[in-house]
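Chemist: Following is a predicted model, sequence given first.
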Amino acid sequence: MNNLIIFTDKPSPFASKRKPKSELQEDHTKTSPAETPSSETPGGRKRKIAILTSGGDAPGMNASVRAVVRAAIVRGCEAYAVHEGYQGLVDGGDMIKKMGWDDVQGYLTVGGTIIGTARCKAFRERPGRLTAARNLVKQGIDALIVCGGDGSLTGADLFRAEWPSLLEELINTGELTKEETEPFAHLNIVGLV
């Protein structure tokens, strides 16, 4: 293809003048406090964000996982990966792993999804979603990012809609206490297609 990629400190690749050194060292990532989302929950806890990949493997899934993990860490949050998609959410335990900066090193060069994806019959039924909700609360996760297609995002939307009733049922059955569920009254879900 004979493509040529050039990185330059000039305002335009065709310009002859370079940018002043002061402009080059300026931090363009700074935002005002009003624009920066809080890395803490209203209760003062550090926000915990989990990502899962679901459905068939697709290009960009590993890049999405890497981006979410690193963006969470940069913003002072804890990042988690749910291995094997919704199945990992239902299974809990070692399937939900805390991720560090170096854990996603090399993700951009690998196809598919390193954290895995699996069809999950259990999550399609309420008892499976109930177990998934318990596992998220037990891990202290208050935000879930789902990377997948239509079916994956439909499942995420159903999970979000049922969330309050799932927590209520977990309290009524004695699996969780009201105090345990209070910080997780609202589950933030983001879908990536």
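Modeler: Received it, and whenever you're ready, just let me know what you need.
Chemist: Run through this structure and note the low-pLDDT ranges.
Modeler: For the chain, the stretches flagged by pLDDT under 70 are 1-44.
Chemist: Looking at it, which helix is longest?
Modeler: helix 150-172 (DSSP state H).
Chemist: That one: which residues count as buried?
Modeler: By 16 or more other C-beta atoms under 10 Å, the buried positions in helix 150-172 come out as 152-153, 155-156, 159-160, 162-163, 166-167, 169-171. All C-beta atoms are positioned from the backbone trio N, CA, C, and that covers glycine.
Chemist: Reformat those as a markdown table; add distance to residue 63.
Modeler: As requested, the buried residues of helix 150-172 are exported to a markdown table (distance: C-beta to C-beta, whole Å):
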| residue | distance to residue 63 |
| --- | --- |
| 152 | 17 |
| 153 | 18 |
| 155 | 22 |
| 156 | 20 |
| 159 | 24 |
| 160 | 25 |
| 162 | 30 |
| 163 | 28 |
| 166 | 31 |
| 167 | 33 |
| 169 | 37 |
| 170 | 35 |
| 171 | 39 |
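Chemist: just these now: which is nearest residue 111?
Modeler: The closest of those to residue 111 turns out to be residue 152 (C-beta to C-beta; 18.5 Å).
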